[in-house]
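> generate a structure from the sequence data that follows.
(chains A and B)
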There are 2 protein chains.
Amino acid sequence: MARIVQKFGGTSVGDIERIKRVAKRVAETRAAGNEVIVVVSARSGVTNELIARAKSINASPDEREMDMLLTVGEQETIALTAMALHALGVPAVSLTGAQAGILTESLHTRARILSIDSSKVEEKLAQGNVVIVAGFQGIDQRGQITTLGRGGSDLSAVALAASSKADLCQIFTDVDGVYTADPRIVPNARKLDEISYDEMLELASLGTKVMQARSVEFAKKFGVVFEVRSSFNNNPGTIVKEEVKSMEDVVVRGVAVDRNQSKVVITHIADRPGTAARIFQVLGEAGINVDMIVQNVGRGGVANLTFTVPRDAADQAEKAVRAVLDELGGGEISLVDSIAKISVVGVGMRSHSGVAATMFGALSEVGANIQLISTSEIKISVVVDEDTADEAARAVHQAFKLDAEA
Amino acid sequence: MARIVQKFGGTSVGDIERIKRVAKRVAETRAAGNEVIVVVSARSGVTNELIARAKSINASPDEREMDMLLTVGEQETIALTAMALHALGVPAVSLTGAQAGILTESLHTRARILSIDSSKVEEKLAQGNVVIVAGFQGIDQRGQITTLGRGGSDLSAVALAASSKADLCQIFTDVDGVYTADPRIVPNARKLDEISYDEMLELASLGTKVMQARSVEFAKKFGVVFEVRSSFNNNPGTIVKEEVKSMEDVVVRGVAVDRNQSKVVITHIADRPGTAARIFQVLGEAGINVDMIVQNVGRGGVANLTFTVPRDAADQAEKAVRAVLDELGGGEISLVDSIAKISVVGVGMRSHSGVAATMFGALSEVGANIQLISTSEIKISVVVDEDTADEAARAVHQAFKLDAEA
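Numbers count the residues shown, from 1 in each chain, chains lettered A, B, ... in the order given. Reported below is the predicted structural model:
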């Protein structure tokens, strides 16, 4: 008998029929002799509806009250899911985040989980129940209802898997798993059977929106093995786990394309200590995440500084920097939106040289000009013109033979 | 400074505009220097919507899960009401039933309140907040979410008024208060300024659907003075309180008409001990409330037994009795739906004779034939033909001069 956590997102529980389908899958998992903990999100659309209602009452609603309001979404789903299981003759009991013992910081709309008291979950499992827990929500030490922010239900699932020492955590979503590339861009992209936490983290942060990075980080920290798979079929998905030796045989695990960045180019700024620090200080104060950074020193004591920011923060970034250019002794600033970031990711990269050479060669063959480069231990990213991005991604995918079975 | 509990039902918080109106009224009460505890129901329609969703998943949904599901209705309203108060610059904080310390029995869909730990309410009031509590819901000793059943939000309000030693509890509803009769039947009916708990209880049980009897009983038990008033205007309502001496000056407080009863007539049953007991035993086992009972012994050792039951339980009552008639030695049973019960209520009745004479005289003058009579210390009820009920009620109202100011 194994203990399995199954998480279903808003689309998977979007209406009555889908909730019934989820119940059927859970019932099958239990009938196979497993203990099952289910984590569900609010039905898709419900959260937006509640937000709209709040905004029509108060343009900037209090965060504590938003948490009070939004947590009704999952509370509805857990009750309906329990009823659907009962209709199949499966004993099941629903628990809110608070009842499931999910203790968080006293921070509303984006609390971190501090600990989980899983005694109630254990008690209900021991009685033979499927235990259905409301994702996304918790309670702080003072009994206030909190929410975990974006990707919160995945986090609930991974955290419950850790606290209840589950054998497996299944994240059911609307994709079949993690692919070597986005199949809409690279038609011969292949679903991966497994991937390491670090590779998944790099892919998550690179715009492969299967899961938020924080849930993967949490899983890594607590060694929770999880599977990303589709709620609409029975195909096996992708197992995400600690890196094992054999994973290093694969040099590159996947190719990611991120079109949600803009390039900020600052030219003719004084080449003296503190200039870059001041610029990134004002960006930090404005809450803007900076991704890739390249600085070149030119002739005559002037420097050029280029960096990328999320596209929806680009105008704000430009404004923030422009405000300090005079103080820094002048300079020019420009924005380029038409860029894309192509990245290759793989833990095997560490022990193989020549990855950059292969990647850059493939890019050059399709005429994709490299504007910026950044690397980490298991990732190489380049910025290219947005128009060449898809072809570039296909070329890189091909160069690393990612369409072939490992 | 007074402490006031204000309760608003589903119609009063039915949409965004109404929630804003409730917030405005609460803000005014607070601006007048009062501490305010607000109790709200689910928006009208929400509960039925949730029930429909549950039934489409499971024809007989589990009661625990129904409570989990239905309590989201009030949780939504408390958050929205808090946001509406914030929009008016009023500090406010919402609490679920559990957070407000409303401890109930471990019984789902119809739990009784065991106790209230009002420390959280006191803490939030002390910080200057309006405290908004979800009506209808509580938590049991094991941390399960429970609901209080029909009229539950009124009960929450009265119970919170008791536990927080409020000076006044205002029940805002869609009527202006308690009337001497239903104004749709008796056009010159008059709103009462005050009424005793016992009179209100008799009226509640007689089909004047202002409030459920259990909330009035609770208020009586804990001496909570409450006011029933309209959420749609600023007219003073009706104060419900312990009987005071002057109340006895009014012999009859009001006239009630109840059309939701049917008459069950059993004839030719054996006149021997145990017959009536057996009949009411089977009715009790079937969960049918019997109201008025009259038994006549005829000639030849046979008896007639007549009683009234709620109209929607009449068929079930007939079936239950028919099943035991043979065992009792035979008899005939018939149902009469076209009846109405006219009642007069007043604590002053105790010390005045002649009330029955006045009532029966008025009925006789309009040709309303009395089929059954029952009395309590502060009430006289008669069953008449349904067709004569309205005229009968007007005649009785007139006979006791209820349209004149006391």
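> every contact and neighbour count from this point should use C-alpha atoms.
OK.
> can you give me phi and psi for residue A:256?
Backbone torsions for residue A:256, taken as degrees, to the nearest 10, come to phi -120, psi 140.
> mind pulling the model confidence for it?
The predicted local confidence for residue A:256 comes out at a pLDDT of 92.
> please name the bridge partners of it.
residue A:343 (DSSP bridges).
> these two touch, right, it and residue A:346?
No. Assessed by Cα atoms under 8 Å, residue A:256 is found out of contact with residue A:346, at 11.4 Å.
> where along chain A do the helices fall?
Read by DSSP state H, chain A holds these helices, from start to end of the chain: A:16-31, A:46-57, A:63-87, A:119-126, A:152-163, A:197-205, A:213-222, A:275-285, A:314-325, A:355-365, A:389-399.
> could you check how far residue A:397 is from residue A:349?
Going from residue A:397 to residue A:349 by Cα to Cα, to the nearest Å gives 15 Å.
> try residue A:119
Counting by Cα to Cα - residue A:119 and residue A:349 are separated by 43 Å.
> so those two - more neighbours on which side?
Of the pair residue A:119 and residue A:349, residue A:349 is the one with more neighbours under other Cα atoms under 10 Å in any protein chain shown, namely 23 against 14.
> contact partners for that one?
Taking Cα atoms under 8 Å, 6 or more residues apart in numbering or on different chains as the criterion, residue A:349 is in contact with A:248, A:251-252, A:355, A:377-379.
> which of these fall in strands?
Secondary structure from DSSP state E places residue A:379 of the contacts of residue A:349 in strands.
> for chain A, name the helix or strand with the lowest mean pLDDT.
Ranked by mean pLDDT, DSSP states H and E, the weakest helix or strand in chain A is strand A:293-297, scoring a mean of 80.
> run through who's touching it.
With Cα under 8 Å, 6+ apart, strand A:293-297 has contacts from A:271, A:303-308, A:372, A:374.
> again, 10 Å this time
Residues lying outside strand A:293-297 but in contact with it, judged by Cα atoms under 10 Å, 6 or more residues apart in numbering or on different chains, are A:263-271, A:276, A:302-309, A:371-374.
> near chain B, which residues of the stretch 101-250 of chain A show up?
Applying the criterion Cα under 10 Å from any Cα of the partner chain, the portion of the stretch 101-250 of chain A that neighbours chain B consists of A:120, A:142-145.
> rewinding a little: buried subset of the contacts of strand A:293-297?
Among the contacts of strand A:293-297, those classed as buried by neighbour count (16 or more other Cα atoms under 10 Å in any protein chain shown) are A:263-271, A:276, A:303-309, A:372-373.
> pLDDT weak spots in chain A?
Confidence mapping of chain A against pLDDT under 70 gives the ranges A:205-208, A:298, A:405-406.
> again, only this time at 50
Screening chain A residue by residue with the criterion pLDDT under 50, one finds no matching range.
> residue nearest the middle of it, spatially speaking?
In chain A, the residue lying closest to the centroid (Cα atoms, centre = their mean) is residue A:212, at 1.8 Å.
> for that residue, what are its contacts?
By Cα under 10 Å, 6+ apart, the residues touching residue A:212 are A:150-152, A:154-155, A:200-201, A:203-205.
> closest one of those residues to chain B?
Closest approach to chain B among the contacts of residue A:212 (Cα to the nearest Cα): residue A:152, at 19.5 Å.
> what's the closest non-adjacent residue to the closest one?
In space, not counting the residues next to it along the chain, residue A:152 is nearest to residue A:136; the distance is 4.2 Å by Cα to Cα, 6 or more residues apart in numbering or on different chains.
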